[in-house]
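Asker: quick check, what structure comes out for this input:
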Amino acid sequence: MQRRQFMTGAAALGAALVLPAAARAQDLPQGPVKIVVGFPAGGGTDVLARLLGQKLGVMWNIPVIVENRAGAAGIIAAEQVARQPNDGNTLLMAHVNSHGIAPGLQPKLAYSVERDFTPIALVGKTPTILIGGATQPAKTLPELVALCKAQPGKIVFGSAGSGSAQHLALEIFKARAGIDVLHVPYKGSAPLMNDLMGGHVQYCFEGMTTATPLVQSGKVIALAQTLQQRSKSQPNVPTVAEQGYPGFEASIWFGMVGPGKMPAAMVQRMNQDIDRVLAMADVQEKLAQVGAEDGGGSVQRFADFMKQEQQKYAQTIRDAKIVAEG
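Answerer: As a prediction, the model looks like this:
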């Protein structure tokens, strides 16, 4: 009798221990998970996706792989993921281009961010840096604003392309500072940097990854950065906000999303696990290397942030009458 009671009690205890694990397993996708990246391998978006994928694969005990589908500033990858089942097996490392700017820039966009995607977690933000040629006269943001006001429409600003995150940072700043400049769009950052250093372009907003080595070598000067707080990777460069434009932000950001209407329990589990990964010491070190910070937080935080970004960029695009290239 005692042995029977012991066996019954042990079985009940075993079931109690197994149930939470089984319930947690149901919150994960079945089979391998693919994180789609809309940019080539080796770039900042790809580096972050691979870092997260490696950690999540260990945490979930299932393969997590990264697939690069570059093109149209991340839009091609976003279109692909929007069409996938909402089972969590296909995710997207969303980017400010595809989920912040494109909805207001591309009138024939094949997806709706709100309808076709499920926000999961903000992974990080990086600032753009306002830089100028080393021989340019204005060395600070107030000096540059004064120069632009003294010579309206004559100071030349380049960008990595019309409608790019760098271009939109310029347009937001123009509106806040009340200045008029000559904008020259380029086909990417490489030719722009060559012309900036050659004196054909005077100033531009540029991504931190591209700008930092040029600033460190003295080939260009840094006047401001575009997060509201100074980036830990650029502690000596003042923000636009602290130089007379409170609340100014024009970040390049990354976040994990999935197809629309993913199961709420799965989304919550993924959000919590991404938060855990972002807090790891070695991940923090890697994030610092690419200048990404301020990631994590709730699903709602990321959803609200994306909505605010879409509204901000849509307004800027309308006011500046920016038309998509091609």
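Asker: now E309: how far from G199?
Answerer: Computed with C-beta to C-beta, to the nearest Å, the distance linking E309 and G199 is 34 Å. Where C-beta positions appear, they are placed from N, C-alpha and C, glycine not excepted.
Asker: same check on I221?
Answerer: From I221 over to G199 (counting by C-beta to C-beta), the distance is 13 Å.
Asker: ok, E309 and G199, which is more surrounded?
Answerer: For E309 versus G199, neighbours defined as other C-beta atoms under 10 Å are more numerous around E309 (21 against 12).
Asker: that one should be in a helix, yeah?
Answerer: Yes - assigned with DSSP: H, G, I helix; E, B strand; the rest coil, E309 falls within a helix.
Asker: and the helices in the stretch 1-150 of the chain, which stretches?
Answerer: 2-26, 44-60, 75-82, 96, 102-105, 113-116, 141-150 (DSSP state H, counting those that start in this stretch).
Asker: which other residues reach the shortest one?
Answerer: Spelled out, it's helix 96. The list of residues contacting helix 96 from outside it, by C-beta atoms under 8 Å, 6 or more residues apart in numbering, reads A165, S251, I252, W253, F254, E309.
Asker: the nearest residue to T90 once chain neighbours are set aside: neighbour count?
Answerer: Sequence neighbours aside, Q84 is the residue nearest to T90 in space, at 4.1 Å (criterion: C-beta to C-beta, 6 or more residues apart in numbering). Using other C-beta under 10 Å, Q84 has 18 other residues around it.
Asker: before we move on, the earlier item: common neighbours of I221 and G199, please.
Answerer: Residues touching both I221 and G199 (C-beta under 8 Å, 6+ apart) are G133.
Asker: can you classify the residue sitting nearest the centre point of the chain by secondary structure?
Answerer: Per C-alpha atoms, centre = their mean, the C-alpha nearest to the average position across the chain is that of W253, at 1.7 Å. Reducing the assignment to helix, strand or coil with three-state DSSP, the entry for W253 is strand.
Asker: what's the answer for A324, then?
Answerer: Three-state assignment for A324 (three-state DSSP): coil.
Asker: OK, contacts around it?
Answerer: A324 makes contact with L105, Q106, P107, S162, G163 under the criterion C-beta under 8 Å, 6+ apart.
Asker: CA-only coordinates of the top strand by length along the chain in PDB, if you can.
Answerer: The longest strand of the chain (DSSP state E) is strand 117-133. Once side chains and other backbone atoms are set aside, the C-alpha atoms of strand 117-133 remain, and they are given as PDB (Å, rounded to 0.1, in the frame of the first residue of the first chain):
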ATOM      1  CA  PHE A 117       4.000  41.900 -39.400                       C
ATOM      2  CA  THR A 118       4.000  41.100 -35.700                       C
ATOM      3  CA  PRO A 119       6.400  43.200 -33.600                       C
ATOM      4  CA  ILE A 120       8.600  41.100 -31.300                       C
ATOM      5  CA  ALA A 121      11.500  43.200 -30.000                       C
ATOM      6  CA  LEU A 122      13.500  46.300 -30.600                       C
ATOM      7  CA  VAL A 123      17.100  45.100 -31.000                       C
ATOM      8  CA  GLY A 124      19.000  48.400 -31.100                       C
ATOM      9  CA  LYS A 125      19.400  51.900 -32.400                       C
ATOM     10  CA  THR A 126      22.500  53.500 -33.800                       C
ATOM     11  CA  PRO A 127      23.000  57.200 -34.400                       C
ATOM     12  CA  THR A 128      23.800  58.900 -37.700                       C
ATOM     13  CA  ILE A 129      26.700  61.300 -37.500                       C
ATOM     14  CA  LEU A 130      26.700  64.800 -39.000                       C
ATOM     15  CA  ILE A 131      30.100  65.000 -40.500                       C
ATOM     16  CA  GLY A 132      32.000  67.500 -42.700                       C
ATOM     17  CA  GLY A 133      35.200  67.700 -44.700                       C
END
